[in-house]
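**Student:** Curious how this folds, go ahead:
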Amino acid sequence: MLSAYFLDRQSLLEISRVIRVHEATVSRRLKRLVGDLRKQLMHNLQSGGLSKRAAEEALGADPRDIELNLRALLQTSQRPPFSDKTASDKI
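**Tutor:** Coordinates of the predicted model:
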């Protein structure tokens, strides 16, 4: 549901028709999912050393404001997703 809304830019109505629930149900589920995801991200950012204010600022951007086709970018990436080398190997 998150990818349909944020990446595929489907409307609530389109999503509701696919999963066969009322449009308001889709809206509530999305709100809950985004809220839960935000809480997890805040926890992870703060555990990684960011202050609460810095973490909130980092999450302040709406991903829908970024003109980026993430799906196409990931599908056409030529590099492997992760490097086997550690930071000490690069020195």
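**Student:** tell me what the biggest helix by length in the chain is packed against?
**Tutor:** Assignment by DSSP state H gives helix 23-47 as the longest helix of the chain. On a contact count with 3 or more Cβ pairs under 8 Å, 6 or more residues apart in numbering; DSSP states H and E, helix 23-47 meets helix 2, helix 12-19, helix 52-58. Quick note: C-beta positions are derived from backbone N, CA and C, even for glycine.
**Student:** ok, 7 Å please
**Tutor:** helix 12-19, helix 52-58 (3 or more Cβ pairs under 7 Å, 6 or more residues apart in numbering; DSSP states H and E).
**Student:** can you tell me the helix or strand for residue 60?
**Tutor:** Following DSSP states H and E, one finds residue 60 outside all helices and strands.
**Student:** Give me whichever of the helices and strands packed on helix 23-47 is most buried.
**Tutor:** Comparing those by mean neighbour count (mean count of other Cβ atoms under 10 Å), helix 12-19 ranks first with a mean of 14.
**Student:** got a list of contacts for it?
**Tutor:** By Cβ atoms under 7 Å, 6 or more residues apart in numbering, the surrounding residues in contact with helix 12-19 are 1, 4-5, 22-23, 26-27.
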